[in-house]
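Peer 1: predicted model, plus sequence, below.
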Amino acid sequence: MGMPSMPELLIVLAIVVLLFGAKKIPDLAKGMGKGIKDFKKAIKEDDEEPKEIAKKDTDTVETKIEEKKSDNA
């Protein structure tokens, strides 16, 4: 399955216009763009979350090490 040719794309576009009407297409495109933007934002937040947890754990461990060193001194 390759990329659709120009006549195939025009047929699909004509069907979309018939189904939704010319006035609804910009609203559909805006909604789709917002959905993609929100999806990318959620992925970025999920990538950052493990880094934040690891940093907190590292800080906690370092604090406990410092406390043990000061108790032994």
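Peer 2: Looks like it came in fine.
Peer 1: thought residue 20 was touching residue 29?
Peer 2: No - using Cβ atoms under 8 Å, residue 20 is not in contact with residue 29; the gap is 10.6 Å. Just so you know, the C-beta spots here come from the backbone N, C-alpha and C atoms, and that holds for glycine as well.
Peer 1: assign residue 2 to helix, strand or coil.
Peer 2: coil (DSSP: H, G, I helix; E, B strand; the rest coil).
Peer 1: number of nearby residues for it?
Peer 2: 4 (other Cβ atoms under 10 Å).
Peer 1: how near is it to residue 35?
Peer 2: Residue 2 sits 27 Å away from residue 35, taking Cβ to Cβ, to the nearest Å as the criterion.
Peer 1: give me the mean pLDDT for whichever strand or helix holds residue 52.
Peer 2: Secondary structure from DSSP states H and E places residue 52 in helix 25-72. Averaging pLDDT along helix 25-72 yields 81.
Peer 1: what's it packed up against?
Peer 2: Using 3 or more Cβ pairs under 8 Å, 6 or more residues apart in numbering; DSSP states H and E as the contact test, the elements touching helix 25-72 are helix 6-20.
Peer 1: who touches the helix it packs on?
Peer 2: 4, 25, 28 (Cβ atoms under 8 Å, 6 or more residues apart in numbering).
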